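Undergrad: Based on what follows, work out the 3D shape:
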Amino acid sequence: MKTSISTKEIWRIAVPIMIGNLAQTLITFTDTAFLGHLGVVALGASMMAGMYYFVFTTMAMGLAIGIQIIIARRFGAKEYNKIGGIFQHGAASILIFGLLLFAIMRIFSGSLLDFIIESEGIYAGAMEYIGFRQFGIVFVCFNYLYRALYTGLSNTKVITYSTILMATVNIVLDYCLIFGKFGLPEMGIGGAALASLIAEVTASLFFTVYTYIKLGKREYELFKPHGFDKEMAVNIVRIATPTMFQKLFSFSAWFIFFILIEKMGEEAIGISSIARSVYMILFIPVFGFLATSNTLTSRIIGAGHADEVLRTVFRIILNCIICCIPLILVCIFFPTTVMSIYTDDMALANAAIPSIYVICGAIIFQAIGAVAFESVSGTGNTNAALWLEFGILALYIVYIWMLTNITTHVAWVWTCEYLYGGLIALVSIIYIRFANWKKLKI
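TA: Numbers count the residues shown, from 1 in each chain. Below you'll find the model as predicted:
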C-alpha cells in the first residue's frame with residue numbers, strides 16, 4: 001500500500017471538500033426540515049423542483065470537473081503558469097453554458113414539470129420554487145468552477161469558508177422567508193427558493209474576491225490576460241464534454257428514480273424526500289473522498305507515478321468508509337430522532353425509517369463505487385468513464401422501474417443504490433487494473 005501520497009495528504013484535501021459539499025447538502029437539509037412542517041405536498045414539491053434544478057446544473061459540474069482534471073495534471077507536472085489560461089478558458093465556457101441553461105429553464109420549465117409531475121399540488125409548488133431558483137444557476141456554475149480550481153490545486157480550505165458563509169445565509173433566510181419572521185413576508189416554498197438563490201450569489205461573490213486577493217499575484221497567472229488558445233480550448237472540450245454528459249446521465253437517472261417514486265403516491269414521495277436528505281448527509285464524506293480520488297489520480301500521473309494509482313485509490317476508499325461509519329451508526333441507532341428533524345407527522349416518520357435503514361447499508365457500496373469511479377475520470381479517459389456509467393445506469397433505471405411496478409414499499413426501491421454502487425465499483429477497479437491508460441496525454 002506504499003504510495004507517494006500519505007494518509008495525511010488525503011485527509012488534508014478531503015476534509016475541506018467534505019465541508020464544502022455541506023453547502024448544497026445543507027440547503028437541501030434546511031429546505032426539507034423547514035418545509036416538512038408545512039406538509040407532505042410542500043416537501044414533495046421542493047424535492048422534485050430541487051432535483052429538476054440540479055439535472056441542469058450537473059452538466060456545469062461536469063464541465064468544471066473536466067477543468068479540474070486538467071488543472072491537477074498541470075499542478076502535478078509543476079507547469080503552474082499554464083493554470084491561469086486553463087481557468088480563463090473554463091470561465092468563458094462556464095458563463096456561456098450557464099446563460100444557456102438559464103434560458104432553457106426560463107422557457108421550458110413549465111412544460112417539462114407538467115409532463116413529469118402528476119400531482120397538481122406538487123406541480124404548483126415546484127413551479128413556485130423554480131420561479132426563484134432559476135436565477136441562481138449562473139452563480140452555481142461559477143461556484144463549481146472555483147471549487148474545481150482549488151481542488152485541482154489541492155488547496156481546498158477556501159471551500160470550507162465559502163460553505164460556512166453559504167450555509168449561514170441559507171439557514172437564516174430559510175427561517176425568515178418560509179415562516180415570515182423578523183418582518184419579512186411569509187413565502188412558504190418560494191421563500192426556501194429565494195433563500196437558496198441569495199446564498200448561491202453570496203458564495204460566488206466571496207469566491208471571486210478571495211481568489212483575486214489570495215491568488216491574484218501567484219505564479220498561476222489567473223488574472224493575467226490570456227489570449228484565445230485553440231489547442232487549450234479543444235483539450236478542455238475533449239476532456240470535459242464526456243464528463244458533462246456522464247454527470248447529466250447520472251443525475252438524470254437519479255431524477256427518473258424520483259419521477260417513478262412520485263407515481264407511487266404523495267406519501268411515497270414524502271418518504272423519499274426525507275430519505276434523500278438523509279442520504280445526502282451520509283454522502284458528505286463520499287463527496288470529499290471522490291473529489292480527492294479524481295484530483296490525486298490526475299496529480300500522481302502528472303508527477304510521473306502512474307503505477308501508484310490503484311494503491312492510492314484503495315487507501316482513499318478505506319479512509320472514506322471509516323469516515324462514513326459514525327454517521328451511519330447515528331441513523332441506525334437513533335432513527336426516530338433523525339426523523340423528528342424533518343416532520344411532526346409520526347406516521348410519515350415511521351414509514352420512512354425502513355428506507356433509512358436501507359440507505360445506511362447502501363452508502364458503503366457507494367463509498368467504494370464512487371471513489372473508484374472518479375479515479376477513472378482522473379486518468380483523463382473521460383470517454384471511458386462516460387460509457388462505463390451509461391451502461392450501469394441503464395440497468396439501474398430498469399431495476400427501479402421493475403420495483404416501482406411490483407411493490408408498494410418504498411424501501412425496496414431504494415435497494416437500487418446497492419446495485420449501482422456494486423457494479424460501478426467492479427467495473428472501475430477492473431479498468432484501473434487492466435486498461436491501457438498510463439500513456440494518455442491531456
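
Undergrad: which residues sit against stretch 202-209?
TA: The set of residues external to stretch 202-209 that reach it, using CB atoms under 8 Å, 6 or more residues apart in numbering, is 23, 139-140, 142-143, 146, 158, 161-163, 165-166, 169. To be clear about C-beta, it is placed using only N, CA and C from the backbone, and glycine gets the same treatment.

Undergrad: Then stretch 118-131?
TA: With contact meaning CB under 8 Å, 6+ apart, stretch 118-131 is reached by 41-42, 44-46, 48-50, 52-53, 105, 109-110, 113-114, 117, 188-190, 192-193, 262-263, 266, 269.

Undergrad: CA-only coordinates of that stretch in PDB, if you can.
TA: Taking only C-alpha atoms (Å, rounded to 0.1, in the frame of the first residue of the first chain), the coordinates of stretch 118-131 have been written out as PDB:
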ATOM      1  CA  GLU A 118     -48.800  14.100 -11.800                       C
ATOM      2  CA  SER A 119     -49.900  15.800  -8.600                       C
ATOM      3  CA  GLU A 120     -51.400  19.300  -9.200                       C
ATOM      4  CA  GLY A 121     -50.300  20.500  -5.800                       C
ATOM      5  CA  ILE A 122     -46.800  19.300  -6.200                       C
ATOM      6  CA  TYR A 123     -46.600  20.800  -9.700                       C
ATOM      7  CA  ALA A 124     -47.800  24.200  -8.400                       C
ATOM      8  CA  GLY A 125     -45.300  24.200  -5.600                       C
ATOM      9  CA  ALA A 126     -42.400  23.100  -7.900                       C
ATOM     10  CA  MET A 127     -43.200  25.900 -10.300                       C
ATOM     11  CA  GLU A 128     -43.100  28.500  -7.500                       C
ATOM     12  CA  TYR A 129     -39.800  27.100  -6.300                       C
ATOM     13  CA  ILE A 130     -38.200  27.200  -9.800                       C
ATOM     14  CA  GLY A 131     -39.500  30.700 -10.400                       C
END
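
Undergrad: Quick check: buried residues in it?
TA: Burial within stretch 118-131, assessed by neighbour count using 16 or more other CB atoms under 10 Å, is assigned to 119, 122-123, 125-131.

Undergrad: go on, stretch 318-337?
TA: Neighbour-count burial for stretch 318-337, with 16+ other CB under 10 Å as criterion, is recorded at 318-321, 323-324, 327-328, 331, 335.

Undergrad: and if you look at stretch 225-241?
TA: Of all the residues in stretch 225-241, those buried under the rule 16+ other CB under 10 Å are 226, 232-233, 235-236, 239-241.

Undergrad: Which residue, neighbours along the chain excluded, lies closest to residue 299?
TA: Across the structure, with CB to CB, 6 or more residues apart in numbering as the measure, the residue nearest residue 299 apart from its sequence neighbours is residue 76 (3.8 Å).

Undergrad: what about the helix or strand containing residue 311, average pLDDT?
TA: For residue 311, the host element (DSSP states H and E) is helix 309-333. In this model, helix 309-333 has an average pLDDT of 93.

Undergrad: Give the other helices and strands that that helix contacts.
TA: helix 7-35, helix 266-282, helix 284-302, helix 346-378, helix 416-434 (3 or more CB pairs under 8 Å, 6 or more residues apart in numbering; DSSP states H and E).

Undergrad: and of those helices, who's closest to residue 210?
TA: Comparing the helices and strands packed on helix 309-333 against residue 210 with CB to CB, the closest turns out to be helix 7-35 (13.1 Å).

Undergrad: I'd like the next helix or strand past that closest one.
TA: Downstream of helix 7-35, the next assigned helix or strand under DSSP H and E is helix 40-76.

Undergrad: chain center to the helix or strand following that next one: distance?
TA: Per DSSP H and E, the first helix or strand lying C-terminal to helix 40-76 is helix 83-116. Relative to its chain's centre, helix 83-116 lies at 16 Å (CA atoms, centre = their mean, to the nearest Å).

Undergrad: what's the answer for stretch 191-203, then?
TA: Relative to the centre of its chain, stretch 191-203 is centred 17 Å away, using CA atoms, centre = their mean.

Undergrad: Okay, buried residues for that stretch please.
TA: Of the residues in stretch 191-203, those scored as buried under the neighbour-count criterion (16+ other CB under 10 Å) are 191-203.

Undergrad: Save these as JSON lines, and put in distance to residue 274, pLDDT and secondary structure too.
TA: Shown next, in JSON lines, are the buried residues of stretch 191-203 (distance: CB to CB, whole Å; pLDDT from 0 to 100; DSSP: H, G, I helix; E, B strand; the rest coil):
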{"residue": "191", "distance to residue 274": "20", "pLDDT": "90", "secondary structure": "helix"}
{"residue": "192", "distance to residue 274": "16", "pLDDT": "88", "secondary structure": "helix"}
{"residue": "193", "distance to residue 274": "19", "pLDDT": "90", "secondary structure": "helix"}
{"residue": "194", "distance to residue 274": "23", "pLDDT": "93", "secondary structure": "helix"}
{"residue": "195", "distance to residue 274": "20", "pLDDT": "92", "secondary structure": "helix"}
{"residue": "196", "distance to residue 274": "19", "pLDDT": "89", "secondary structure": "helix"}
{"residue": "197", "distance to residue 274": "24", "pLDDT": "92", "secondary structure": "helix"}
{"residue": "198", "distance to residue 274": "25", "pLDDT": "94", "secondary structure": "helix"}
{"residue": "199", "distance to residue 274": "22", "pLDDT": "92", "secondary structure": "helix"}
{"residue": "200", "distance to residue 274": "24", "pLDDT": "91", "secondary structure": "helix"}
{"residue": "201", "distance to residue 274": "28", "pLDDT": "95", "secondary structure": "helix"}
{"residue": "202", "distance to residue 274": "27", "pLDDT": "95", "secondary structure": "helix"}
{"residue": "203", "distance to residue 274": "26", "pLDDT": "93", "secondary structure": "helix"}
